[in-house]
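In: quick one, structure for this:
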Amino acid sequence: MKKVEINSIRANIINNQRVIILREIDSNRYLPLWVGEFESESIVVALQNIEISRPLTHDLFINLLNKESIFVKFIEIHKIENDTFYSRIYYDSNEKEQFIDSRPSDAIAIAIRSNVDIYVAEEVLEKNCVVIDDNSTNLSIFEDFIESLDID
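Out: Model prediction:
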């Protein structure tokens, strides 16, 4: 497993497609994940600590877990099949580590709200990441890559 962080969240204003760019910690490998509009907004709300009057679904989930003394440990994007990423939310319950399957966007939203680490399986990164040359002074190469994608 490789630890990653959210590098950015981008939106195509024409078709409203959203992509989360994950960056491997201390590396030049980036992983794009396409997510839905509402999922990306939930992630942005958590990242920017935006206060809302009523809990969003991810907030409700965290509130329920905390009430039941279940604590999220970390999340992992562990595989990709047929262009679909799969993730798990790992948690402690009754002093035993367990996990539940999740969409990556939901797992990321939960990780941010729980302040836990995000990991990606090495195999997933190897097959799906974009590597930015160490000599690059900015991410323009990566931006060109994103712009060239047909995400319709």
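In: quick check: residue 70 touching residue 95?
Out: No. At 11.3 Å, residue 70 does not count as touching residue 95 under the criterion of C-beta atoms under 8 Å. Placement of C-beta: from N, CA and C, glycine included.
In: which of these two has more neighbours?
Out: Set side by side, residue 70 and residue 95 show more neighbours around residue 70, with 14 against 5, by other C-beta atoms under 10 Å.
In: in whichever strand or helix holds residue 45, what counts as buried?
Out: Element membership of residue 45 [criterion: DSSP states H and E] is helix 37-47. Under the neighbour-count criterion of 16 or more other C-beta atoms under 10 Å, helix 37-47 has 39, 40, 41, 42, 43, 44, 45, 46 buried.
In: ok, the last one - contacts?
Out: Residues touching residue 46, when contacts are defined by C-beta atoms under 8 Å, 6 or more residues apart in numbering, comprise 58, 109, 112, 113.
In: any idea of the pLDDT on it?
Out: Looking at residue 46, its pLDDT reads 92.
In: swap in residue 137?
Out: 51.
In: same thing with residue 152?
Out: 49.
In: same deal with residue 69?
Out: Confidence for residue 69, expressed as pLDDT, is 88.
In: now residue 55
Out: 88.
In: count the residues that sit near it.
Out: Neighbours of residue 55 using other C-beta under 10 Å come to 11.
In: what do you get for the one 5 residues further on?
Out: Other residues near residue 60 come to 11 when the count uses other C-beta under 10 Å.
In: secondary structure element for it?
Out: helix 57-67.
In: after that helix, heading C-terminal, what element do we hit next?
Out: Immediately after helix 57-67, counting by DSSP H and E, sits strand 71-81.
In: in that following strand, what counts as buried?
Out: 72, 74, 75, 76, 77, 78, 80.
In: does residue 122 touch residue 24 like I think?
Out: No. Using C-beta under 8 Å, residue 122 is not in contact with residue 24, being 9.7 Å away.
In: which helix or strand contains the most centrally placed residue in the chain?
Out: Nearest residue to the geometric centre of the chain (C-alpha atoms, centre = their mean): residue 108, 4.0 Å. Using DSSP H and E, the element containing residue 108 is helix 104-114.
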